[in-house]
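S.K.: Here is a sequence together with a model predicted from it:
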Amino acid sequence: DLVTFMNITLMEALMGWQREFKHLDGRLIKVERTEVTKPGQNHEVPGMGMPIFQKPGEFGKLIIKLNIVFPERIAVDEERARELKKADERAKLRRLNRFSADDDEELEDDEVWCVG
């Protein structure tokens, strides 16, 4: 496997990202992630790593260790701040597995995040 490190913004962590960079062999490769990235999470690209010993033409994974760079401050009005705090509380409750499947369906429309 081949490991590299990459900084991404909080917006990219939430919305996905796309990057082009030069591989060790000189190729320009494009890497894209469309899922939410959590702190400490890696992104793996099969077949883009180092050559596998005694297996001609086979390559390991490219492992991108992601670092989310958080903003120092986000400017929002009071109403938007209340909405974000409510959404955060719902997320905390979900992590504690307090919602049933029916409750998740009711919250679906509330789970749209928008920054701006």
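M.R.: Thanks, I have it.

S.K.: any idea how far Asp77 is from the residue minimising distance to the centre of the chain?
M.R.: In the chain, the centroid-proximal residue (C-alpha atoms, centre = their mean) is Thr37; its distance is 1.7 Å. For Thr37, the distance to Asp77 equals 27 Å [C-beta to C-beta, to the nearest Å]. The way it works is simple: take the backbone N, C-alpha and C, and place the C-beta from them, glycine included.

S.K.: wait, the residue nearest to the centre of the chain sits on Glu12?
M.R.: Yes - taking contacts as C-beta atoms under 8 Å, Thr37 lies within contact range of Glu12: 7.5 Å.

S.K.: contacting residues for the residue nearest to the centre of the chain?
M.R.: Taking C-beta atoms under 8 Å, 6 or more residues apart in numbering, we find Thr37 in contact with 8, 12-14, 17, 43, 66, 68.

S.K.: Check which helix or strand it maps to.
M.R.: Following DSSP states H and E, there is no helix or strand that holds Thr37.

S.K.: for Lys30, same thing?
M.R.: Assessed by DSSP H and E, Lys30 sits inside strand 28-33.
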